[in-house]
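Peer 1: let me see the structure of the following:
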Amino acid sequence: GSFEHFYNLKTFVEASKKHGVDVWATMLSSAHDFYRVPTEDDYRWQLNTCMACGCKGVVWFRLYDKLVAADYRGSPIDEFGVKTQHFYDMARAQKKFNILYGKLFNRLSHIESYGLGVSFGGYPYFTPGASDLIEHADCRSGMLSFFKDEAGEDYIVVVNTDMENSYHMSLFFSE
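Peer 2: Alright, predicted model coming up:
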């Protein structure tokens, strides 16, 4: 669920900062056990939340199905080597992310992430005074993250943390 996803991201990003290395998240691209077959929205959500939490990239677990693989199913490439609809859904989510944000995120350093409305995985809630840039932020289920580029310029990343619902986010910038 969302708690485990964000808890793992927070744990790995904190460890990577402590040791001065980049972190790449391994995300699920097929169904097994109690996990459902990912949709394009799921791939996009995984990419966006990983990057908002400070990951430098994503690698996908289970790109290929195997003929004998218990309950694994719905991979981007099926057990016969054929690209499935999931392949194209994943490719579309990745391509759009890379075009819009890929080069930018490679230049950014993650500073901190905060939960808004609901906070998963141990991220602190955003409160007034947590940032010199944002005075107040409000959302039913979101994340507000702060980054800097190599020149020290500030960047703010907002992401919806709810996998099913869209929400409005309000940001009130400091003067």
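
Peer 1: ok, the residue sitting nearest the centre point of the chain - contacts?
Peer 2: Against the mean C-alpha coordinate of the chain, by C-alpha atoms, centre = their mean, the closest residue is T49 at 1.8 Å. T49 makes contact with H5, F6, L9, M143, V159, T161, according to C-beta atoms under 8 Å, 6 or more residues apart in numbering. All C-beta spots, glycine's among them, are computed from the backbone N, C-alpha and C.

Peer 1: then L28?
Peer 2: Y35, P38, Q46, W60, F61, R62.

Peer 1: that one bridge partners, please.
Peer 2: Note on L28: beta-bridge partners by DSSP bridges are F61.

Peer 1: what about it, distance to W60?
Peer 2: The gap separating L28 from W60 is 8 Å, by C-beta to C-beta, to the nearest Å.

Peer 1: ok, longest helix in the chain?
Peer 2: helix 2-19 (DSSP state H).

Peer 1: remind me what it packs against, helices and strands.
Peer 2: Counting contacts by 3 or more C-beta pairs under 8 Å, 6 or more residues apart in numbering; DSSP states H and E, helix 2-19 is packed against strand 24-28, helix 40-52, strand 109-116.

Peer 1: in the second one, which residues are buried?
Peer 2: Translated: helix 40-52. E40, D42, Y43, R44, W45, Q46, L47, N48, T49, C50, M51, A52 (16 or more other C-beta atoms under 10 Å).

Peer 1: please apply the same query to the shortest one.
Peer 2: With burial defined by 16+ other C-beta under 10 Å, the residues of strand 24-28 counted as buried are A25, M27, L28.

Peer 1: dump the contacts of L28 into a markdown table; add distance to N106 as well.
Peer 2: Shown next, in a markdown table, are these (distance: C-beta to C-beta, whole Å):
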| residue | distance to N106 |
| --- | --- |
| Y35 | 29 |
| P38 | 25 |
| Q46 | 18 |
| W60 | 19 |
| F61 | 22 |
| R62 | 26 |
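
Peer 1: top of those by number of neighbours, please.
Peer 2: Counting neighbours by other C-beta atoms under 10 Å, P38 leads the contacts of L28 with 25 neighbours.

Peer 1: nearest to L104, of the buried residues of helix 40-52?
Peer 2: M51 (9.7 Å; C-beta to C-beta).
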